[in-house]
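# Quick check, what structure comes out for this input:
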Amino acid sequence: MPNDKHTSGINWFYGLIVVVFAAMIWISSKYFRGSDYSSIGITEVKEHKINSERSALIKSVRVVPGQQVKTGELLIELSSLELEMDIDKISNRIVLLKDEQQSKARLIQAQVDYLRADQGIPLEELETEIAQTKSEIQLNKKITKELAAGSDTSVWNEADNPLRVKLNALYKQKAQHKQAMVIKEADIRQEGLIDQQLLNNQIKLLEQELDLLKTERTNLVKYAGSDGVVTSVYVKPGEQVSSYTELLSITPVHPTTVIGYLAGKNNNTFSVGDSVRVSAYGNGSIRTTGRVIGYGAVTQLPDILQKSTAVKAFGREVFIEIPASNNFANGEKVLIR
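Down below sits the predicted model:
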């Protein structure tokens, strides 16, 4: 019996150690996060300023300070007479170049048609002469056979016949004439092709420039990039503004940046461009995926991240971009993994 009591006491002691150890692990995981694979941080809302990309006239302002706006909502319209003139100028230039291109293509075809017609006359004359020579050969051959009828020796020699020699010369002359015509036609088309390529290059460059100008015109109409509140409006309708003038500012409803703080050996845990998981500290159901966009200096942590001790904690800043469609509040404490 004493042995049984002694064994029971030992089992109870080891059981208590296991329970305490498990409790320590649970407390550590819940209250002391920030290990080699995670870090703490705070969300931040950055005011978004909308500027003019070029000098323009304020056509209309559709919002006022304090107004809530939704993604894609029209904010402000601008117009630029100079931009419209540039677009019209380049558009007209493209039309003229395309007309010139078509005119030159027709001219090339006209030159080819004239060449064929002009060189066709000598070819027709050669064809006629060839046909006549063939007829003479056939006639002479017939007469010769009739004269030689009844004789054992034929007096007709095809190779040495002068008409056959003439016919071969005519065939050769015809082939040379066709070859010369093909070469002249190729020269005409090659010259025209070079002109067409030069015009094509000019048109392509102008079309690229026109696309850029049209994009600038599209950008004269400003829309909200995310849900938010209009903080300030700096211009009014009818006002002329210069390039890069601030038009208005919007504060997003939800934060779009997280500033994390890495301490000790963990100050380079993440690489720029890495995807990280961001979740609300103490509420893992509120989470999103962010992207590391850069590092800052070693600085003192904000008060919300400080432990309740007299010693202030420091960490290296890491900046994380998160989607605007999140459920975090501005200045909320988060966990980064």
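
# now the strands: where do they sit in this structure?
Per DSSP state E, the chain carries strands over the ranges 39-44, 48-51, 56-61, 68-69, 74-79, 221-223, 228-233, 240-241, 246-252, 257-262, 275-280, 283-300, 314-321, 333-336.

# partners of the longest one in the sheet?
Read it as strand 283-300. For strand 283-300, sheet partners with direction are given as strand 275-280 (antiparallel), strand 314-321 (antiparallel), following DSSP bridges.

# Mean neighbour count, the ones you listed: which tops it?
strand 314-321 (a mean of 19; mean count of other C-beta atoms under 10 Å). Backbone N, C-alpha and C define where each C-beta goes, glycine included.

# what sits up against it?
Contacts of strand 314-321 from elsewhere in the structure, counted by C-beta atoms under 8 Å, 6 or more residues apart in numbering, are 39, 41, 256-263, 267-268, 270, 276, 278, 290-301, 336.

# Tell me the buried residues within those residues.
Those of the contacts of strand 314-321 that meet the buried threshold are 39, 41, 256-262, 267, 270, 276, 278, 290, 292, 295, 301, 336, by 16 or more other C-beta atoms under 10 Å.

# returning to that earlier point: any chance of the strands of the chain in JSON lines, plus mean pLDDT and distance to I194?
Written out in JSON lines, the entries for the strands of the chain read as follows (pLDDT from 0 to 100; distance: least, C-beta to C-beta, whole Å):
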{"stretch": "strand 39-44", "mean pLDDT": "91", "distance to I194": "60"}
{"stretch": "strand 48-51", "mean pLDDT": "93", "distance to I194": "46"}
{"stretch": "strand 56-61", "mean pLDDT": "97", "distance to I194": "42"}
{"stretch": "strand 68-69", "mean pLDDT": "95", "distance to I194": "56"}
{"stretch": "strand 74-79", "mean pLDDT": "97", "distance to I194": "42"}
{"stretch": "strand 221-223", "mean pLDDT": "97", "distance to I194": "43"}
{"stretch": "strand 228-233", "mean pLDDT": "95", "distance to I194": "56"}
{"stretch": "strand 240-241", "mean pLDDT": "96", "distance to I194": "47"}
{"stretch": "strand 246-252", "mean pLDDT": "94", "distance to I194": "49"}
{"stretch": "strand 257-262", "mean pLDDT": "92", "distance to I194": "56"}
{"stretch": "strand 275-280", "mean pLDDT": "94", "distance to I194": "52"}
{"stretch": "strand 283-300", "mean pLDDT": "92", "distance to I194": "50"}
{"stretch": "strand 314-321", "mean pLDDT": "92", "distance to I194": "51"}
{"stretch": "strand 333-336", "mean pLDDT": "93", "distance to I194": "62"}
